[in-house]
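**Student:** just a sequence and a predicted model for now, questions to come.
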Amino acid sequence: MNMQNFIKRKLIQVIAFGFSNMHLLNFNGGKIYKGKWKQFCNPGLHCYSCPAASFACPIGALQAVNGSMKFNFSFYVVGVLLAFGVILGRAVCGWLCPFGLIQELIHKIPSPKLKLKKGFLCLKYIVLIVFVFVLPVVATNYMGMGKPAFCQYICPAGTLEGGIPLLSTHEELRQTIGSLFSLKMAILILTIVGCVLVYRFFCRTMCPLGAIYGLMNKISVYHLEIDKHKCVNCGKCRQVCKMEVDPVKTPDSAECIRCGACASVCPKDAIYIGFYKGDGKRDTVSMENQRKSSRGTMNSTARRAGRV
């Protein structure tokens, strides 16, 4: 990957991570920030119960509203997700998600690296439907309140960022540890091992937020575009992609996090990633035709001048 693009992306990831965790001193006392900023959702996956968290998690907020005693559709949370999805798509995962950065750092641990079988990619959509949308509405208690099933039974980010820090500072919470926390720890260990071996293992197999943003890659304003008039099908973009996407065949793949690695290695500068209006391929051809037409006009004028 081009070093300039690598540094730019890592810098934005670190800034986004810091902005999402502005209350680091809360780790000391095991407190949870509950100020006015917690009413806003983080674009990426980040546990509400993390002592340092500045914002709410959109998946947690979505479940909380869906599972309320009187079911209400969360127009605010869905609106936030749609806004980020339509504008950025899965670029949120690649540039802004706090847990995405954690996964990338874990992957740097020296070990054999594996490719993910395609069948596992659909698991996150099952998690989204069952644990985020269905169970919070269907599995209710005697008061009619549903459980935030994804947060309660699966989310390794919640265990790592919220559960472990709070248990380490609150003895009364440690006394309540049971089989559920053991299950969550097992999922966290599986996720960590998976992230060591496979790039962004959780992001690709279990993250419901990634599933939502991935579905919007086809319509997002920030997008990836291939100029097929320049592309020579050398395969370098496919080889460098850690998400195992072929940008030439599927530029709008739901797995593409718009990291820019493919564009950085393209020898013909045929890959464009960014905001745009209209069809960039047609614009490129149009500009080339205009340049040829301009050169033809200049040559014709020069020949006429020579005859005179």
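**Tutor:** Now that the structure is in, tell me what you want to look at.
**Student:** SS state for Glu225?
**Tutor:** The three-state label given to Glu225 by DSSP: H, G, I helix; E, B strand; the rest coil is strand.
**Student:** any idea how far Ala139 is from it?
**Tutor:** According to C-beta to C-beta, to the nearest Å, Glu225 stands 43 Å off from Ala139. Where C-beta positions appear, they are placed from N, C-alpha and C, glycine not excepted.
**Student:** again with Phe17
**Tutor:** 33 Å.
**Student:** between these two, who's got more neighbours?
**Tutor:** Phe17 (19 against 11; other C-beta atoms under 10 Å).
**Student:** buried set for stretch 229-242?
**Tutor:** 236-237, 240-242 (16 or more other C-beta atoms under 10 Å).
**Student:** start and end of that stretch, how far apart?
**Tutor:** Criterion C-alpha to C-alpha, to the nearest Å; first-to-last residue distance in stretch 229-242 is 25 Å.
**Student:** for stretch 112-125, same thing?
**Tutor:** Calculated as C-alpha to C-alpha, the first-to-last residue distance of stretch 112-125 is 28 Å.
**Student:** starting at the chain centroid, how far to it?
**Tutor:** Mean C-alpha position of stretch 112-125 versus that of the full chain (C-alpha atoms, centre = their mean, to the nearest Å) differs by 16 Å.
**Student:** what comes up buried for that stretch?
**Tutor:** By 16+ other C-beta under 10 Å, the buried positions in stretch 112-125 come out as 116, 121, 124-125.
**Student:** residues in contact with it?
**Tutor:** Counting by C-beta atoms under 8 Å, 6 or more residues apart in numbering, stretch 112-125 makes contact with 107, 197-199, 201, 204-208, 210-211, 244, 255, all of which sit outside it.
**Student:** ok, and the most crowded of these?
**Tutor:** Using other C-beta under 10 Å as the neighbour definition, those reach their maximum at Cys207, which records 31 neighbours.
**Student:** residues in contact with the residue nearest to Ala16 when sequence neighbours are not counted?
**Tutor:** With C-beta to C-beta, 6 or more residues apart in numbering as the criterion, Ala16 has its nearest non-adjacent residue at 4.5 Å, and that residue is Leu96. For Leu96, the set of contacting residues under the criterion of C-beta under 8 Å, 6+ apart consists of 12-13, 16, 43-44, 88.
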